[in-house]
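J.: sequence and predicted structure are below.
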Amino acid sequence: MENEVLTYDALVVGGGIAGEETALNLAKMDYKVLLVEKELSIGGKMILLSKVFPTLDCAACITTPKVSETARHPNITIFTGSEVKGIEKKGERNFEARILRNPRYVKEDACTGCQECELVCPVVVKDQYQYNLVGRKAVFVPFSIANPRIAAIDIENCSLCGACEKACPSDAIDFTQEPEEKTYQFKSVVVATGYKLFDPIKMPRYGYGKYKNIVTSMQMERELAPTRPFNTVLRPGDGKMPDNLAYVLCTGSRDHTVGNPICSQVCCMYSIKQAQLLLGSLPMADVTIYYLHIRSFGKGFNEFYETAKGMGVEFVKGKIGKISEKENGNLVLRYDDIDTGQVKEAEHDMVVLSVGILANDEIGPVFKTQKLEFDDYRYVKQVDELKRPAMTNIDGVYVAGAASGPMDIPDSILSAGAASSEAASYLAEVE
Ligand code: SF4
Ligand code: SF4
């Protein structure tokens, strides 16, 4: 890169809603920020959601203006498809970080996002941005509202046939690109690496991955989102519109047996939201939510829960023991009915597992000189949770959003506000 800047005021690791908010706050205070995102687009998980609770505002409509503002701000440089490999603290307001930029095999300044390459590429693999519900090509624009809206080649699956190169009207395909690792200097670091979703394959008694009509809540988000893969909600096994759906709350949360004893905080509410959206999308459908406790603690949350009940969503206080599949693809849920103490069975034509959220602890080994401390659940430890929740054990390193624990979108934005003001006051300090 010509005239590349190697020194910034702040490194923000993670380009989800918390990372964007942090970067924007610092940039507006005239600090120079480098935002590093491992995915091909910024926007995090929020840009892929349907609507948000409890207001039912469109998630993409809220997040895309923030994504564009972040991408356009002159004080923010963004590296997508990139990884922070090592951070060393050399002194106060002196961090050195090695950053790896993975090649897209597409020239970023030439690609127009026209998708002509996708039309001719013969290789189809699962689309990770649609949570494997549909396929994508080996050369692909990540999703329709991606930022940057630039194609990338998934080189592991590419057959090197050259069809995309011939079809590209902008001569943007470039197989000669190589990974590039460089060292940059920063005065402060903000960790905004978000969370991971629980993989229900780890609970074989639910049959996820084996029974086709069981999806995760994130897959249902995609089915309900404006940029969804199908034009309606379909059960994946046979493409039929479901009319009797079940939600299984606390899948992988509050469960010692899968190593995640804590509450994920958002699953009750996003499931209630999805149930309301499903009744809008499939008005004749029955939706049942199997729960242990409904935790509707936030502003407007309990009213939202009552609205769902009023709309006809059925709530069953029951612990699911096992799910089995019938020949027609329907699913039989065996559960302890907590109110009556009886073991019961119920049949549904589609099951949504409301998966919990887990810590993304990949940032741990990145800190080389001084170890970043984690809490008992592998989230970044907040050393003074009550008075200065954005502080970590390393002076000059702050945490924003769900990197410090499960939280919803407004709390992530508040947390990013705290992290950016802590970072700004650290930057302004004079030794
Ligand atoms: S690589 Fe070429 S064909 Fe593909 S989206 Fe970019 S400009 Fe269009
Ligand atoms: S070279 Fe790779 S990405 Fe391009 S069309 Fe062929 S398989 Fe697809």
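T.: Cool, the structure landed. Ligands and ions are numbered 1, 2, ... in the order given.
J.: list the contacts of stretch 127-140.
T.: Stretch 127-140 has contacts (C-beta atoms under 8 Å, 6 or more residues apart in numbering) with 48, 106, 117-118, 121, 123-126, 142-143, 151-154, 157-159, 164, 173, 215-216, 218-219, 222-223, 229-230, 236. (Glycine included, C-beta is placed from N, CA and C.)
J.: helix/strand/coil for whatever residue of the stretch 251-400 of the chain ends up closest to ligand 2?
T.: Residue nearest to ligand 2 within the stretch 251-400 of the chain (C-beta to the nearest ligand atom): E362, separated by 27.6 Å. Put simply, E362 is helix when judged by DSSP: H, G, I helix; E, B strand; the rest coil.
J.: per-residue confidence at it?
T.: pLDDT, E362: 95.
J.: do the same with T70
T.: Note on T70: pLDDT of 98.
J.: once you drop chain neighbours, what's closest to it?
T.: Leaving aside its chain neighbours, T70 sits nearest to E20 (4.4 Å; criterion: C-beta to C-beta, 6 or more residues apart in numbering).
J.: wait, isn't the one you found in contact with R72?
T.: No - at 11.8 Å, E20 and R72 do not qualify as touching, with contact defined as C-beta atoms under 8 Å.
J.: looking at those two, which one has more neighbours?
T.: E20 (33 against 9; other C-beta atoms under 10 Å).
J.: convert the C-alpha atoms of the helix or strand containing the more buried one to PDB, please.
T.: In this structure, E20 is located in helix 17-28 according to DSSP states H and E. These are the backbone C-alpha positions of helix 17-28, laid out as PDB (Å, rounded to 0.1, in the frame of the first residue of the first chain):
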ATOM      1  CA  ILE A  17     -21.600  -3.000  16.600                       C
ATOM      2  CA  ALA A  18     -19.300  -2.400  19.700                       C
ATOM      3  CA  GLY A  19     -16.100  -2.000  17.600                       C
ATOM      4  CA  GLU A  20     -17.800   0.400  15.200                       C
ATOM      5  CA  GLU A  21     -19.200   2.500  18.000                       C
ATOM      6  CA  THR A  22     -15.800   2.600  19.700                       C
ATOM      7  CA  ALA A  23     -14.000   3.500  16.500                       C
ATOM      8  CA  LEU A  24     -16.500   6.200  15.600                       C
ATOM      9  CA  ASN A  25     -16.400   7.800  19.100                       C
ATOM     10  CA  LEU A  26     -12.600   8.000  19.100                       C
ATOM     11  CA  ALA A  27     -12.600   9.200  15.500                       C
ATOM     12  CA  LYS A  28     -15.000  12.000  16.300                       C
END
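J.: beyond it, next helix or strand please.
T.: strand 33-36.
J.: who does that following strand pair up with?
T.: If you go by DSSP bridges, strand 33-36 pairs up with strand 7-13 (parallel), strand 76-79 (parallel).
J.: who's in contact with it?
T.: So strand 33-36 is in contact with 8-15, 19-20, 23, 26-27, 42, 70, 75-79, 82-84, 99, 184, 186, going by C-beta under 8 Å, 6+ apart.
J.: try stretch 402-409
T.: Contact partners of stretch 402-409, identified using C-beta under 8 Å, 6+ apart, comprise 14, 17-18, 46, 52-53, 191-195, 262-266, 269, 298, 356-357, 360, 363, 375, 377, 379-382, 389, 401, 412, 415.
J.: got the end-to-end distance for it?
T.: 9 Å (C-alpha to C-alpha, to the nearest Å).
J.: buried set for that stretch?
T.: Across stretch 402-409, burial judged by 16 or more other C-beta atoms under 10 Å covers A402, A403, S404, G405, P406, M407, D408, I409.
J.: now swap in stretch 239-257 and tell me
T.: 242, 244-255.
J.: coming back round to it: buried subset of the contacts of stretch 127-140, written for ChimeraX?
T.: With 16+ other C-beta under 10 Å as the criterion, this ChimeraX line picks the buried residues out of the contacts of stretch 127-140:
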select :48,106,117,118,121,123,142,143,151,152,153,154,158,164,173,215,216,218,219,222,223,229,236
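J.: keep only the contacts of stretch 127-140 that also lie close to ligand 2.
T.: C121, V123, I153, C158, S159, C164 (C-beta under 6 Å from any ligand atom).
J.: which non-adjacent residue is nearest the third one?
T.: Right, I153. I153 sits nearest to Y105 (C-beta to C-beta, 6+ apart), 3.9 Å away.
J.: how close does that neighbour sit to ligand 1?
T.: 9 Å (C-beta to the nearest ligand atom, to the nearest Å).
J.: show me what contacts that residue?
T.: Counting by C-beta under 8 Å, 6+ apart, Y105 touches A152, I153, I155, C158, I173, D174, F175, Q177.
J.: quick one: the fourth one is in a strand?
T.: Same thing as C158. No - C158 is assigned coil when assessed by three-state DSSP, not a strand.
J.: not counting its neighbours along the chain, what's nearest it?
T.: Per C-beta to C-beta, 6+ apart, closest to C158 is A138, 4.3 Å.
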